[in-house]
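Q: quick one: sequence and predicted model below, then my questions.
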Amino acid sequence: MSPQPQRFPFNNLPLELQREIFLAGALDGMYNATRIVRVSKKAYSWILPIIYNMVTLGSDDTALFMRTLASKPAEFFATHVKCLCLSASVKPNDAERILSTCTGVKILAFWVDYLSAFPDSSISPLISPLSLRRLSIEAQHLYSMCQSTPKPSGGLDRSWYTHLTHLDVVFWHPSYTLPYLSNFPSLTHVGIWHPNGLVDDDVIQPVLDSCKRLEILLVVVDEGDLDLIQNPLTSQDPRVVLMPYPSTVILDWEALFTGKPSTWARAKEARIANAKMKRVSDCNPERPHRVIS
C-alpha cells in the first residue's frame, strides 16, 4: 500500500501566499467571496473590501445596507465602494445618505426618482462632489444637474463632469430632451437608453457634434423598434451602434464589472465591425458598410 501524501497545513503557508489564494477565489465570483469571508478573521479583512467594491441596491437589500452604513466607519465605504448602482426602488432619503458616505465612487448608476420626491431641489449637491468616470442617469435628472452646476469663470475647471468618459442617459418619458453635452470634454462613450420612443437624427446629431472625443454612441431601444430606426446617421457613421434593451437592466450594468456579456461589450464589438465594414465600403462604394447589431 503506497503511503499517503503528507498534508501541508494551510496556515503554515506564508501570509502573503494565503492572501493571494483567498483573493483569487474571491475574485472568481461574488458567491465565492461571501463564503471565503467567513473562513477566518484574516480572510474577512482581505475579502470584505472586494465585496464592497461594487454595490448594487434594490428593494431587497437597501435596508440591510443602511444598517451596515451605521455599523462601520464612514472611511470604510469612502475607501472601498467604487462602483455603485442605486436602482429606482431606493428611496431618495436613503440615496442622500449613501452618496454622502460613499464619497470614493468612480462609477455610478443613479436611477432614483429624486426629483419626484423633491421637485424644487437639485441632485447636483449629491453627485457633484464625486470624481466620476462613468455615470448612468435619467435624462431629467441629468438636465437638472447641468442647469444647477456653475460654469467656471476662468482657469482650470475641476467640476465633476470634466473627467467623465462614459455617460448613459436613460429616458423614462419620451418627451424629455437630451442636454447639450459640450460641457463634458472627456466623453468618449455615450449611451442613449430610450425604451419608450424612437431616436432620430435630432437626438443623435447634437451628440456627434458636441462630443469631440466620441468613440461610440450607443442607442438602446426596444427590440421591436430596431427595424424602425432608419436614420442616415445610424447607417453612415460607424460610431453609432444600435442595441436592443436588455431584459434586466441591473444585471446588464453589473456585467460591465463581472466580465459577463453586456450591452456595452456587444456595442464595442459592433463598433469595431462597423469600422472594418466602412473601410471596405470606402474602397468599394457599391458594398454596404453597416453591421446590424
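A: Yep, it's here.
Q: just checking, next helix/strand downstream of the host helix or strand of Leu84?
A: Per DSSP states H and E, Leu84 falls inside strand 83-86. Going down the chain from strand 83-86, the next helix or strand is helix 92-101, by DSSP H and E.
Q: ok, back up a step: helices and strands around the strand holding Leu84, which ones?
A: Other helices and strands packing on strand 83-86, by 3 or more CB pairs under 8 Å, 6 or more residues apart in numbering; DSSP states H and E, are strand 54-57, helix 92-101, strand 107-110, helix 249-258. Bear in mind the C-beta positions are built from the backbone N, C-alpha and C, glycine included.
Q: dump those to JSON lines, plus mean pLDDT and mean neighbour count.
A: Shown next, in JSON lines, are the helices and strands packed on strand 83-86 (pLDDT from 0 to 100; neighbours: other CB atoms under 10 Å):
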{"stretch": "strand 54-57", "mean pLDDT": "91", "mean neighbour count": "20"}
{"stretch": "helix 92-101", "mean pLDDT": "95", "mean neighbour count": "18"}
{"stretch": "strand 107-110", "mean pLDDT": "97", "mean neighbour count": "22"}
{"stretch": "helix 249-258", "mean pLDDT": "90", "mean neighbour count": "17"}
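Q: ok, Leu164 touching Ser186?
A: Yes. Between Leu164 and Ser186 a contact is recorded at 6.0 Å, counting by CB atoms under 8 Å.
Q: more neighbours: these two, which one.
A: Looking at Leu164 and Ser186 with other CB atoms under 10 Å, you find the greater number of neighbours at Leu164, namely 21 against 15.
Q: okay if I get the helices and strands packed on strand 83-86 as JSON lines plus distance to His80?
A: Putting those into JSON lines (distance: least, CB to CB, whole Å) gives the following:
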{"stretch": "strand 54-57", "distance to His80": "9"}
{"stretch": "helix 92-101", "distance to His80": "11"}
{"stretch": "strand 107-110", "distance to His80": "13"}
{"stretch": "helix 249-258", "distance to His80": "14"}
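Q: between the ones you listed, which gets nearest to Phe76?
A: helix 92-101 (9.3 Å; CB to CB).
Q: Three-state assignment for Ser136, please.
A: strand (DSSP: H, G, I helix; E, B strand; the rest coil).
Q: that one and Pro73, how far apart?
A: As judged by CB to CB, to the nearest Å, Ser136 and Pro73 stand 28 Å apart.
Q: so for those two, which sits in the more crowded spot?
A: Ser136 (21 against 9).
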